[in-house]
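> fold the following.
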Amino acid sequence: MPFHTSAGVYIYIYRILSASVLKPSYYCRYIDDIFFTWLHGENNLHAFIAACNEAHTTIKFTSEFSRTAIPFLDVLVSIREGTIETTLYCKPTDTHSYLNFDSSHPISLKKAVVYSQCTRIRRICSTQSEYDKHISNLAGYFCSNGYPITVVKEAMNRAATLCRDNLLVEKPKTVNSRIPLVFDYSAGTENLHKVLRQDFTILQGDESISNLFKDPPLTSRRHPPNLKALLTSSRLPRSAGSGNRKCGAPRCQVCDFIITDPCFSPPGTNYSVRPGTFDCNTSNVVYLLCCTKCDQGNYVGQTGTKFRLRFNNHKKTIRDANSNYPVAKHFAENNHNLSDLKCILLGSNYRSVNSRLRSESKWMIRLNTNNRGLNTDLGALSDFAFARRGVP
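Okay, here's the model as predicted:
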């Protein structure tokens with residue numbers, strides 16, 4: 001299949017619809033599931049689907065149609081007395097295994113699970129009779145998973161007061177500027193957010209951090225590692241300390257600069273780096289630029305794109321002698337040139353942007369590049385006093 005993204009699939013479907021003389025009267029899509037209504041007869045419908053399957057050799061559509069009712073995702077759409085009605089659809093294999101009430105999760109999360117499912121049924125069911133039937137079944141599923149009937153009834157009563165028309169309107173996303181406080185959940189931290197709100201005035205009275213915490217921090221609890229997470233890993237194993245590699249592409253402009261030593265000590269440091277088997281095309285990386293002529297040219301950076309793209313940007317600023325960039329300023333002055341530049345990839349495969357930024361800051365502190373190098377700050381840790389003191 002030549003398309004590797006949902007955007008590519010959308011373009012392909014759009015071309016099919018544009019070329020068709022007879023078109024669906026209503027069309028919607030969720031990734032690779034498509035729903036549409038057809039008003040041109042069953043024979044023309046079969047011809048339309050056949051044309052879709054003949055448009056490309058590797059893209060084939062499976063179809064299901066009905067004159068009365070048909071499921072789409074978790075919605076059963078039916079026609080009754082000339083009107084369209086919707087109700088909840090569950091696959092025959094659905095076991096309704098919701099989060100068990102005895103599991104180690106915050107009570108607020110357990111209540112939210114029940115309420116969100118009640119709201120989902122309220123949104124999907126277009127008639128009161130269907131809503132009553134499915135909400136009653138849902139109550140039984142949660143009770144069988146250990147939920148107290150009081151928790152279930154509270155969520156059901158809240159959902160019953162909601163207006164379905166409002167639930168069908170997409171709500172705009174709000175931006176929260178509060179600083180998140182993330183910690184592993186345990187029963188002993190259940191009331192931590194209440195304590196923080198009560199004693200927040202103490203934080204505001206400290207001049208060193210009052211500007212950082214203008215609002216109470218947003219407490220967020222994550223699931224602590226269980227036995228499975230401690231014993232297994234979803235990451236592919238890689239040989240530590242085997243060194244970076246050159247990609248070997250004929251026109252690569254990074255291979256001549258990358259350091260492939262399995263163990264490397266940056267100039268002016270006693271720290272030994274044992275990089276993994278990354279190459280010029282590796283993305284989501286933290287990297288080090290260093291100068292072979294002096295020990296003042298170390299620079300730690302990060303990028304989510306392929307490293308060669310980021311490195312070519314550095315090379316361009318050096319060639320242009322752009323003094324607005326510390327790296328370019330260093331290699332354009334003091335009898336330096338581009339041939340004195342070397343690079344090495346320190347890490348990759350970060351789970352999130354924040355984890356990559358934290359790793360970048362840690363490498364800055366380890367190699368002291370903010371005091372004896374080209375980094376002007378400590379990245380993600382720039383606003384914290386303990387990081388400015390150089391504590392690793």
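> Asp33 versus the most centrally placed residue in the chain, what's the distance?
Here the mean C-alpha position of the chain is nearest to the C-alpha of Ser352 (CA atoms, centre = their mean), at a distance of 6.9 Å. Taking CB to CB, to the nearest Å as the measure, Ser352 falls 28 Å from Asp33. From N, CA and C alone the C-beta is placed, and that goes for glycine too.
> what do you get for Leu76?
Applying CB to CB to Leu76 and Asp33 gives a distance of 14 Å.
> comparing these two, which residue is more hemmed in?
Higher neighbour count among Leu76 and Asp33: Leu76, with 18 against 9, using other CB atoms under 10 Å.
> tell me the bridge partners for that one.
Pro71, Thr87 (DSSP bridges).
> now do the contacts for it.
Leu76 sits next to Ala69, Ile70, Thr86, Thr87, Leu88, Tyr89 when contact means CB atoms under 8 Å, 6 or more residues apart in numbering.
> mind listing the strands for the stretch 1-150 of the chain?
Along the stretch 1-150 of the chain, counting by DSSP state E, counting those that start in this stretch, strands occupy 26-30, 33-37, 69-72, 75-80, 83-88.
> and the first one, what does it pack onto?
Going back to what we said before, that points to strand 26-30. helix 6-19, strand 33-37 (3 or more CB pairs under 8 Å, 6 or more residues apart in numbering; DSSP states H and E).
> equivalent analysis for the third one, please.
Judged by 3+ CB pairs under 8 Å, 6+ apart, strand 69-72 is in contact with strand 75-80.
> for the strand it packs on, buried residues please.
Val75, Leu76, Val77, Ser78 (16 or more other CB atoms under 10 Å).
> contacting residues around the nearest residue to Phe331 once chain neighbours are set aside?
In space, and not counting its chain neighbours, Phe331 is closest to Ile318: 4.8 Å by CB to CB, 6 or more residues apart in numbering. By CB under 8 Å, 6+ apart, the contact set of Ile318 is Val327, Ala328, Phe331, Ala332, Leu338, Leu341.
> which element, helix or strand, includes the first one?
If you go by DSSP states H and E, Val327 is part of helix 326-332.
> follow-up on the earlier one: which of the helices and strands packed on strand 26-30 has the lowest average pLDDT?
Lowest mean pLDDT of the helices and strands packed on strand 26-30: helix 6-19, a mean of 68.
> residue contacts, Ile70?
Contacts of Ile70 were listed using CB under 8 Å, 6+ apart, and they are Glu64, Leu76, Val77, Ser78.
> now with 7 Å, please.
Residues in contact with Ile70 (CB atoms under 7 Å, 6 or more residues apart in numbering) are Glu64, Val77.
> repeat that for Asn312.
Gln253.
> what's the answer for the one 3 residues further on, then?
Taking CB under 7 Å, 6+ apart, we find Lys315 in contact with Leu338.
> where does it land on pLDDT?
92.
> over to Val114?
At Val114, pLDDT is 95.
> then Leu168?
pLDDT at Leu168 comes out at 89.
> and if you look at the one 3 residues further on?
The score at Lys171 is 85. That number is its pLDDT.
> find the nearest non-adjacent residue to Thr305, please.
Closest residue to Thr305 in three dimensions, ignoring its sequence neighbours and counting by CB to CB, 6+ apart: Ser283, at 5.7 Å.
> so that neighbour makes contact with Gln302?
No - using CB atoms under 7 Å, Ser283 is not in contact with Gln302, being 10.9 Å away.
> quick one on the thing from earlier: out of the strands of the stretch 1-150 of the chain, which is closest to Tyr131?
Of all these, strand 83-88 sits nearest to Tyr131, with 8.3 Å by CB to CB.
> what ranges of this protein fall below the confidence cut-off?
Scanning the chain for pLDDT under 70 picks out 1-12, 233-241, 382-392.
> residue boundaries of the helices in it?
Here the chain has its helices, by DSSP state H, at 6-19, 42-54, 107-124, 128-144, 149-160, 164-167, 192-198, 200-204, 227-231, 307-319, 326-332, 353-367, 385-388.
> now the second one: buried residues?
Read that as helix 42-54. For helix 42-54, the buried set under the neighbour-count rule, 16+ other CB under 10 Å, comprises Leu45, Phe48, Cys52.
> tell me who's in contact with the residue nearest to Gly379 when sequence neighbours are not counted.
With CB to CB, 6+ apart as the criterion, Gly379 has its nearest non-adjacent residue at 4.5 Å, and that residue is Ser361. Taking CB under 7 Å, 6+ apart, we find Ser361 in contact with Leu378, Gly379, Ala380, Leu381, Ala387.
> what distance do you get for Ser361 to Asn334?
From Ser361 to Asn334 the distance is 27 Å (CB to CB).
> just Ala229 next, same as before
Counting by CB to CB, the gap from Ala229 to Asn334 is 50 Å.
> then Asn322?
Taken as CB to CB, the span from Asn322 to Asn334 is 16 Å.
> repeat that for Asn137.
Counting by CB to CB, the gap from Asn137 to Asn334 is 75 Å.
> please apply the same query to Ser272.
The gap separating Ser272 from Asn334 is 27 Å, by CB to CB.
> looking at these two, which is more packed in?
Asn334 (13 against 10).
> still on that earlier bit, please report how far the residue nearest to the centre of the chain lies from Thr174.
Relative to Thr174, and taking CB to CB, Ser352 is found at 21 Å.
> repeat for Ala47
47 Å.
> Arg319 now?
Taking CB to CB, one finds Arg319 at 44 Å from Thr174.
> so these two - more neighbours on which side?
Shown here are Arg319 and Thr174; by other CB under 10 Å, Arg319 has more neighbours (13 against 5).
> just give the closest residue to that one, not the sequence neighbours.
In space, and not counting its chain neighbours, Arg319 is closest to Leu338: 6.9 Å by CB to CB, 6+ apart.
> equivalent analysis for Phe36, please.
Pro24 (3.5 Å).
> ok, now how distant is the one you found from Gly301?
50 Å.
> what's the answer for Ala55, then?
For Ala55, the distance to Gly301 - CB to CB - is 45 Å.
> could you check which of the two has the larger neighbour count?
A side-by-side neighbour count of Ala55 and Gly301, using other CB under 10 Å, places Gly301 first with 23 against 15.
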